[in-house]
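J.: all I have is the shape, not the residue letters:
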């Protein structure tokens, strides 16, 4: 039977970390929470109070002070009882109330699809923890206990909550340096998401438990002896890696548990930083180090404050040994993470200090402000939460931490947005490199800039950081808007000149009324809409004519175009632009699989041509805009083909039979015979895409009398 946590247990744990702490606030919160949750039970049948008690105890184990532990006792009172924030403020003060309010807000979601809800959930969490990181610490403790008791929920909820834990809470714990919490959350989530794999690993480890413990003792004793010979004293321990990390290794390497040799990790804890490096020298003297497996996180700490030396060496039996070397203080930080730096009496000082140390948190705050799309926000947060770091230097020796796979462009944006926007090249370790070069640990990077350089859409294909991706998209969007405004103004000026209305372009008031009629805010929005092709210059001129000369009977302007529904228009995307009137060109009849280009046609929106269409060569290049097929084709497109064959009776029937076998519909056909007794048949057929057309050509070419088959333009 599981022992229920008591108030006394929490008080003892707090006093163990803070002997001089005043725990009267905790006692007061216990009484308040007991009354608020009176009569409530959990799915397990236990009194609901057991949950806030467990959460408070977990927070106390983290080494947190009375205020945070108090918030653990009260964290569900506003959300799950009749308690108001005013009551909390009256009884416990502003500090406690603010933290509980932040926790409550995270749990309050508006309606929407799952993706939107998840994005909103992350937004609220980021804002709350940026205001006070203790909000997240309480949420983590809350999640730990909920995961420990997840077995009482129905299977569908178990999987949903476990996946959310693995996607969000475990990575957040890692980002905060709380690796003990991270490991427990991962293992608990693993149990519910992959129960069979969990059981297989657990049983496989149990079979060799005795042998493994004997081996750990031997290695620890050997390491202790070698250190002692060199006058070093400290703790040496060995441990089994947690189950989820073992599972990930097995998945990544596609091997069995018996083939995995790095199940164990050994740790050496000494008193000083100097002794850490002495211990490293001893280990490398007696054991051959594995090249490329030495990582010095003491000289270059991680962003979450983690410090340790990691090395891998070859053991006595030819096996690999992973060894971590750190001081006692470093070990405390690695276990407790950000909680190890908490000073419960110095709230303001803590916030300012940690705001400087946790640049990733500021980055996430910026993300939720800039990325409005749920998909973009979730993508950005994932990048921030799963950053295998690479450490590089500026020419002045300043260290920049970036996700692994980052490029000089990511580095440029990490320095400043303007440096990124004007980046024209980069030198790494004194040598020029391509902008898509992947930065390596220890690289010194110098960014070359030019005021004439601007972000390139191709940069989005290789940049790694969310900040770089977001800033590039911002610049491209602004640039495309400027181009559309300029084009729209030019088209409108020409049209107004035809009707003698050009003066209204300068005066602007009447045009503003036209913009308002079209639900647009500013004149630039009107110009942009014309430049996009959403409205034609003729339509705007017609509306303007009615405003300035309402009594004059004008020829009715053409009806406003409606945006063609996607099922009629086909899956076409204009890069960087939306809400455009789009149609396919009749001259070249593009089909999915063709390289395509959009052409802004006056009064007709954007016409989609094949990139090799002869018509485009005769047009103004500034009207051409990038376009691409969006995938998921579910309709048929016309294509003109020409078949040249020997002239023989029944040839047309053979060709149409081949077309039928290729599953195409023929909408038009014509045949003529040349003087040299050749038949030329022209067909308009309906195909799904380029691959479908290739199958049609293959079916026709199988006919012996066919000389050639090709696609033609009208």
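T.: Everything's here; your move. Bear in mind that the values here come from a model prediction, so they are computed numbers and not experimental data.
J.: can you check the pLDDT for residue 573?
T.: Residue 573 is assigned a predicted lDDT (pLDDT) of 67.
J.: I'd like the numbering to begin with 17 instead of 1 from here.
T.: In the new numbering, first residue 17, that becomes residue 589.
J.: I figured residue 87 hits residue 154, correct?
T.: Yes. Counting by CB atoms under 8 Å, residue 154 is a contact partner of residue 87 at 5.3 Å. All C-beta atoms are positioned from the backbone trio N, CA, C, and that covers glycine.
J.: higher neighbour count, these two?
T.: Set residue 87 next to residue 154 and count neighbours by other CB atoms under 10 Å: residue 87 wins out with 31 against 26.
J.: give me the element the nearest residue to the more buried one once chain neighbours are set aside is part of.
T.: Of all residues not flanking residue 87 in the chain, residue 115 sits nearest, at 4.5 Å (CB to CB, 6 or more residues apart in numbering). Assigned by DSSP states H and E, residue 115 belongs to helix 101-123.
J.: got the buried residues for the helix or strand residue 702 falls within?
T.: Secondary structure from DSSP H and E places residue 702 in strand 694-703. By 16 or more other CB atoms under 10 Å, the buried positions in strand 694-703 come out as 695-697, 699-701, 703.
J.: list the helices and strands the helix or strand following it packs on?
T.: Using DSSP H and E, the helix or strand that follows strand 694-703 in sequence is helix 706-717. Where contact means 3 or more CB pairs under 8 Å, 6 or more residues apart in numbering; DSSP states H and E, helix 706-717 is packed against strand 653-662, helix 667-677, strand 694-703, strand 722-727.
J.: out of the ones you listed, nearest to residue 487?
T.: Closest approach to residue 487 among the helices and strands packed on helix 706-717 (CB to CB): strand 653-662, 37.8 Å.
J.: show residues contacting that closest one.
T.: 586, 600, 605-608, 667, 671, 683, 693-705, 709, 712-713, 716, 719, 721-730 (CB atoms under 8 Å, 6 or more residues apart in numbering).
J.: the residues you listed, buried ones only, as a ChimeraX selection?
T.: Entered in ChimeraX, the line below selects the buried ones among the contacts of strand 653-662, by 16+ other CB under 10 Å:
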select :586,600,605,606,607,608,667,671,695,696,697,699,700,701,703,704,709,712,713,716,719,722,725,727
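J.: which strands or helices does the helix or strand containing residue 85 pack on?
T.: Assigned by DSSP H and E, residue 85 belongs to helix 82-90. Using 3+ CB pairs under 8 Å, 6+ apart, the elements in contact with helix 82-90 are helix 23-33, helix 40-52, helix 66-77, helix 101-123, helix 150-164.
J.: try 6 Å
T.: Contact here means 3 or more CB pairs under 6 Å, 6 or more residues apart in numbering; DSSP states H and E; on that basis helix 82-90 packs against helix 40-52, helix 66-77, helix 101-123, helix 150-164.
J.: and the third one, what's buried?
T.: Okay, so that is helix 101-123. For helix 101-123, the neighbour count (16+ other CB under 10 Å) marks 104-105, 107-108, 111-120, 122-123 as buried.
J.: many thanks, I have nothing further to ask.
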